[in-house]
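Participant: what's the 3D shape of this:
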Amino acid sequence: MSLFSKKIINWQKKAGRSNLPWQTQNPYHTWISEIMLQQTQVSTVIPYFHKFIKVFPNIESLAKKDLEDVLALWSGLGYYSRARNIHKTSIILKNEFNNQLPEKYEDLIKLPGIGISTAGAILSLAFEKPGIILDGNVKRVLLRYTGDKSPINESKTQKKLIKFSEKLLPKKNFRLYSQGMMDLGSMICKPKNPICQKCPIYKNCKSFELNFQDIIPFKKPLKQKKEKEINWYLIFSKDKVLLKRNDKKGIWQNLWVFPEKDLISKTKLRLLKDKEKLPLMIHNLSHQKLFISTVKYSIKNKDRLPIDRTNFAWVNKSDSGKMGLPKPVKEIINNYL
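Facilitator: Got it, this is the predicted structure:
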């Protein structure tokens with residue numbers, strides 16, 4: 001065992017986290033939490049994890065449900081491709097692995113939504129086997145430790161860190177080591193104002209030696225976000241709102257949204273009353289900036305508005321919370337109905 005991994009393991013035993021709700025050594029819990037934690041903070045994930053496990057306590061129960069049920073629980077957490085991949089994977093696990101997560105890396109890596117880091121997390125945290133974890137926290141620790149100014153968001157850096165991580169793996173205590181690396185990045189080696197004096201490896205840390213903590217990790221500037229305009233109609237009748245299942249590929253696929261402007265013909269528009277233009281909403285995604293214009297209408301008798309019931313539905317405001325809705329749709333319903 002290297003001195004590096006020994007120090008990480010000893011620190012984890014004394015100071016690391018051990019009371020997170022998914023620290024059960026249940027492979028299913030590990031898998032769901034690791035997917036939820038991708039680009040999402042622990043504090044945000046915890047309530048979603050509790051709800052998810054309550055409704056879907058195991059792989060079998062998850063695979064039996066429709067994608068819509070999964071998206072409804074995921075609503076508000078964002079990055080909805082994660083939920084779609086979880087559902088796809090649950091069906092594969094049911095059909096090919098007897099409702100169990102496989103214990104081999106080569107099987108895990110083939111599953112939808114599971115990459116090198118997630119596979120490594122499942123292997124080490126759930127099965128006590130060697131596995132590399134390279135989430136944002138771990139990358140930051142390794143880049144600072146080596147004094148490496150390579151951009152953290154480049155694939156070349158990822159490949160370099162994989163090789164370095166393989167050399168650091170201990171011979172045993174894989175769960176403690178992996179959790180220790182993640183906790184060290186989250187609790188000590190923070191993006192800003194790291195608590196270096198409490199770090200178990202600071203004496204050998206190049207960034208600490210050179211005072212580079214504020215420089216490393218370096219992030220290559222991202223391309224300017226694409227901007228997109230969305231024009232919605234918020235149509236309500238008494239206590240019901242008209243929603244449409246989004247069948248377009250891309251963001252919010254399979255979620256329920258408001259009908260877009262081009263879907264409501266002039267003939268249908270004449271049936272609507274009480275026109276009110278809502279304030280412009282700006283919604284930022286990781287890769288896009290959305291400018292959402294919404295016009296609110298009412299209709300006294302909803303049955304007069306012809307709709308395709310395959311993709312459209314009149315929904316009670318109270319029931320809408322049980323559906324898979326993007327965050328902007330939720331906010332508009334809560335604020336303007």
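Participant: And the helices in the stretch 51-200 of the chain, which stretches?
Facilitator: Under the criterion DSSP state H, counting those that start in this stretch, the stretch 51-200 of the chain contains helices at 59-64, 67-74, 81-96, 105-108, 116-121, 127, 136-146, 155-168, 174-183.
Participant: which stretches of the stretch 201-337 of the chain have low pLDDT?
Facilitator: 266-267 (pLDDT under 70).
Participant: how does it look with 90?
Facilitator: Applying pLDDT under 90 to the stretch 201-337 of the chain flags the ranges 219-226, 238-239, 246-254, 260-275, 284-288, 300-311, 313, 317-323, 334, 336-337.
Participant: quick one, strands of it?
Facilitator: 226-237, 240-245, 256-257, 273-277, 281-284, 288-298, 312-316 (DSSP state E, counting those that start in this stretch).
Participant: of all those, which lies closest to Tyr80?
Facilitator: Smallest distance to Tyr80 across the strands of the stretch 201-337 of the chain (Cβ to Cβ): 11.8 Å, for strand 256-257. To be clear about C-beta, it is placed using only N, CA and C from the backbone, and glycine gets the same treatment.
Participant: List phi and psi for Cys199.
Facilitator: Backbone dihedrals for Cys199, given as degrees, to the nearest 10, come out at phi -80, psi 130.
Participant: okay, the helices of the stretch 51-200 of the chain in CSV with mean neighbour count next?
Facilitator: Output for the helices of the stretch 51-200 of the chain, formatted as CSV (neighbours: other Cβ atoms under 10 Å):
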stretch, mean neighbour count
helix 59-64, 18
helix 67-74, 19
helix 81-96, 18
helix 105-108, 16
helix 116-121, 23
helix 127, 19
helix 136-146, 22
helix 155-168, 14
helix 174-183, 23
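Participant: Which of those sits closest to Glu229?
Facilitator: Glu229 sits nearest to helix 81-96 of all the helices of the stretch 51-200 of the chain, at 22.7 Å, using Cβ to Cβ.
Participant: okay, now the domains of the protein?
Facilitator: The record's domain split for the chain, according to automatic domain parsing, is 3-210, 226-336.
Participant: Deepest-packed of the ones you listed, please.
Facilitator: Across those, the average number of neighbours (mean count of other Cβ atoms under 10 Å) peaks for domain 3-210, which reaches a mean of 18.
Participant: Could I get the helices of the stretch 51-200 of the chain in TSV, plus columns for mean pLDDT?
Facilitator: Shown next, in TSV, are the helices of the stretch 51-200 of the chain (pLDDT from 0 to 100):
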stretch	mean pLDDT
helix 59-64	97
helix 67-74	93
helix 81-96	97
helix 105-108	98
helix 116-121	96
helix 127	97
helix 136-146	96
helix 155-168	94
helix 174-183	97
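Participant: returning to that earlier point: quick one: the strands of the stretch 201-337 of the chain as JSON lines, columns for distance to Glu106 too.
Facilitator: Converted to JSON lines, these look like this (distance: least, Cβ to Cβ, whole Å):
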{"stretch": "strand 226-237", "distance to Glu106": "36"}
{"stretch": "strand 240-245", "distance to Glu106": "37"}
{"stretch": "strand 256-257", "distance to Glu106": "38"}
{"stretch": "strand 273-277", "distance to Glu106": "55"}
{"stretch": "strand 281-284", "distance to Glu106": "38"}
{"stretch": "strand 288-298", "distance to Glu106": "35"}
{"stretch": "strand 312-316", "distance to Glu106": "43"}
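Participant: and of those strands, who's closest to Tyr177?
Facilitator: With distances scored as Cβ to Cβ, the stretch of these nearest to Tyr177 is strand 281-284 (35.8 Å).
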